[in-house]
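Undergrad: got a predicted model here, sequence first, then my questions.
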Amino acid sequence: METKAIKDTQVIMHELVLPNDTNLLGNVLGGRVMHLMDMCAAMSAYKHARTAVVTASVDQLDFLAPVKMGDIMILKSSVNYTGKSSMEVGVRIESENPKTGAIYHTSSAYLTFVSLNDNGKPQGVPMVTPETDVEKQRFEEGRARHEERKRRLRKDNK
């Protein structure tokens, strides 16, 4: 079976927070964050599967700090773990103040994508190969979340 390195799935996006992206407090809207997070994660899944992919779930979306109008959002994603047709992608968002250069971790999430064939049906994906200690840790944590998602879905479908 084909395998791919995690480093080959990495994506980094930058987005300037404009007035239209913010709420009355001048903070980026949560929905905007989720949209950008989904886009960044989808690109990692595309790079890994090289097929059409769809978002199957979003786990553990944590908003840790606000992102202010005028800040630069830095989104980083990579495939953490692969199942038969699914890929767990981790996304980390940081906020950079363009005047001071200060960078803060503002949100994180795990998104699961499924690879689709030309008929829109799930198809197999290559295994992802962790190389660094951090990648190996994320892989094992991803495996545990994958198993928990499967347990949850089995329970919900009873």
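TA: Perfect, thanks for sending it. Residues are numbered from 1 along each chain as shown.
Undergrad: now do the SS call for the closest residue to Lys7 other than its chain neighbours.
TA: Leaving aside its sequence neighbours, Lys7 sits nearest to Glu131 (Cβ to Cβ, 6 or more residues apart in numbering; 7.1 Å). Backbone N, C-alpha and C define where each C-beta goes, glycine included. What DSSP: H, G, I helix; E, B strand; the rest coil gives for Glu131 is coil.
Undergrad: also Val79?
TA: Looking at Val79 with three-state DSSP, the answer is strand.
Undergrad: tally up the residues packed near the spatially closest residue to it that is not a sequence neighbour, please.
TA: Nearest residue to Val79 in three dimensions, chain neighbours excluded: Thr9, at 4.1 Å (Cβ to Cβ, 6+ apart). When neighbours are defined as other Cβ atoms under 10 Å, Thr9 has 22 of them.
Undergrad: repeat for His48
TA: By other Cβ under 10 Å, 25 other residues sit near His48.
Undergrad: which residues sit in contact with Ser57?
TA: Applying Cβ atoms under 8 Å, 6 or more residues apart in numbering to Ser57 gives the contacts Leu111, Thr112, Arg149.
Undergrad: do that again at 10 Å, thanks
TA: With contact set as Cβ atoms under 10 Å, 6 or more residues apart in numbering, Ser57 has these partners: Ser86, Glu88, Tyr110, Leu111, Thr112, Phe113, Val114, Arg145, Arg149, Arg152, Leu153.
Undergrad: what of Glu148?
TA: By Cβ under 10 Å, 6+ apart, the contact set of Glu148 is Asp59.
Undergrad: great, nothing more from me.
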